[in-house]
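S.K.: Quick one: sequence plus predicted model below, questions after.
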Amino acid sequence: MTQPKTNRIPAPLYAAAGVGELALEQLRKLPGVVGELGPRVVADLGGKAVVTGVELRQKATETLKSANLTATGLRERAANVSASGLRERAANVSASGLRERAAAEFDLPKLREAAARNAAAVLAGAQSAQARAERAMADAQERALAAYADLVARGERVVGSGVLEAADTVNADIEATEADRTPAAEAGQPVAEVAQPAVEAEQPAEVPSPAEVPSPAEAKPVEGKPAAVKRTRATRSTAAKAAKSAAAKPDTPSAKLPKTTRRTRPTAE
């Protein structure tokens, strides 16, 4: 089972730490700024209030005088303009004169040329505005990236490099532990495979069960001493071999069987 690795702190967390540290600096400067601006604001507002009152009075007097003069002038012009004069001017302006003036002022080819020039100017202005907007966006993106990098650097200074060193140490320890476990596991597998045939090869021959061993009455020879001496030697050699095998490998399955001696059957008469 692999252990989870400790990753580095993400850059947004450093940026957040930098923003908090910058805001803290600005808050620390705030009392001094307020103390400096307080007297200035009081002095400026007091002087402006006095000056504003005097100026408003002067402006009101001047406005009243100009209104009186304007009313007097309008009255004089109205008295000079009579109805007969207006009729004469209307008679002088005829329909033919209006048509000629309209034909001279509203020339269709000139209007078309002016419209084409205006459209080209509008298109060029739109293209230039788009190019300026793209440049402004690129500049704003660069400034944002630079500001983000500054905030990340400030956050790294605030947090410190101790966390990064601890994370690198933990990762190195985990990798070293995994590297040590892998060769040990690979080397342990062949040993287990080789040990199995050895256990199978070391198993001794099967020992006969008590049912297969003949009883003393059946094994008693008819002809006396020579057969008894031969059977005694065979019994001793078999017992010695069984004792050696049992002492050498006490953990084999055959060691759990009862200790018996193999006896040879006598030959029939």
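M.R.: Yep, that arrived. Numbering: from 1, shown residues only.

S.K.: pull the helix or strand with minimum mean pLDDT from the protein.
M.R.: Using mean pLDDT, DSSP states H and E, helix 224-248 stands out as the lowest-scoring helix or strand of the chain, at a mean of 60.

S.K.: I'd assumed A153 was in contact with A17.
M.R.: No - the pair A17 / A153 is not scored as a contact, 10.7 Å apart, by C-beta atoms under 8 Å. Every C-beta, even on glycine, is put in place using the N, C-alpha and C of the backbone.

S.K.: more neighbours, those two?
M.R.: A17 (19 against 13; other C-beta atoms under 10 Å).

S.K.: if you skip the residues just before and after it, what's nearest to the more buried one?
M.R.: Distances taken as C-beta to C-beta, 6 or more residues apart in numbering put G155 closest to A17, at 3.5 Å, once the chain neighbours are dropped.

S.K.: mean confidence score for the helix or strand harbouring that neighbour?
M.R.: G155 is part of helix 108-159, with elements assigned from DSSP states H and E. Averaging pLDDT along helix 108-159 gives 90.

S.K.: still on that earlier bit, contact partners for the residue nearest to A17?
M.R.: 13-19, 21 (C-beta atoms under 8 Å, 6 or more residues apart in numbering).

S.K.: Put the buried members of those into a ChimeraX selection.
M.R.: ChimeraX command restricting those to the buried ones, with burial defined by 16 or more other C-beta atoms under 10 Å:
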select :14,15,17,18
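
S.K.: So which of the contacts of G155 belong to helices?
M.R.: 13-19, 21 (DSSP state H).

S.K.: what's the closest of those to Y148?
M.R.: For these, the residue nearest Y148 by C-beta to C-beta is A15; the value is 6.0 Å.

S.K.: so who does that closest one touch?
M.R.: Shown in contact with A15 (C-beta under 8 Å, 6+ apart): 148, 151-152, 155.

S.K.: Looking at the contacts of G155, which one is closest to A79?
M.R.: The shortest approach to A79 among those belongs to V19, at 75.4 Å (C-beta to C-beta).
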